[in-house]
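J.: Sequence and predicted model, in that order:
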Amino acid sequence: MPLYMTQFSYTPEAWKALVKKPEDRSTVFAEQATKLGGRLQALYYSMGEYDGLVIFEAPDQQTAAAIVFTVISPGHIKSARTTALMTVEEAMEAMHKASSDAYPAPKLWSPVPS
């Protein structure tokens, strides 16, 4: 099944609630993903632009979007960014399919010498 990564940030109100009463949000995400045909692989919290990320499987983009929409719809997430992931094998297959001369660059463009 395809893999997706969603980075998320909580609202200040969500953080206030979690600090007051900590809870394992991975179980909540896993339940929602499973109901919609997906599967949670991991949830990590982070410091930086986003508060955390989830890596999950979904059979297709529509299911992945439905999982994310369901999770953010209560309003406790202030921002979310989802990225489709590829395994090394999938990326290498794409590289083999790609051809550097298949799509010509504009006529006036030339690569900058390194």
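T.: Received it, and whenever you're ready, just let me know what you need. Residues are numbered from 1 along each chain as shown.
J.: which stretches of the chain form strands?
T.: Applying DSSP state E to the chain gives strands spanning 3-10, 39-45, 52-57, 77-85.
J.: tell me the pLDDT at Ala58?
T.: According to the prediction, Ala58 has pLDDT 97.
J.: My read is that it contacts Lys35, right?
T.: No - using CB atoms under 8 Å, Ala58 is not in contact with Lys35; the gap is 12.0 Å. To be clear about C-beta, it is placed using only N, CA and C from the backbone, and glycine gets the same treatment.
J.: who has more neighbours, these two?
T.: Ala58 (22 against 11; other CB atoms under 10 Å).
J.: separation between that one and Leu40?
T.: Per CB to CB, to the nearest Å, Ala58 is found 10 Å from Leu40.
J.: again with Glu31
T.: 9 Å.
J.: Give me the common contacts of Ala58 and Leu40.
T.: With contacts taken as CB atoms under 8 Å, 6 or more residues apart in numbering, Ala58 and Leu40 have Ala33 as neighbours in common.
J.: rewinding a little: with neighbour numbers in mind, choose between Glu31 and Leu40.
T.: Leu40 (19 against 10).
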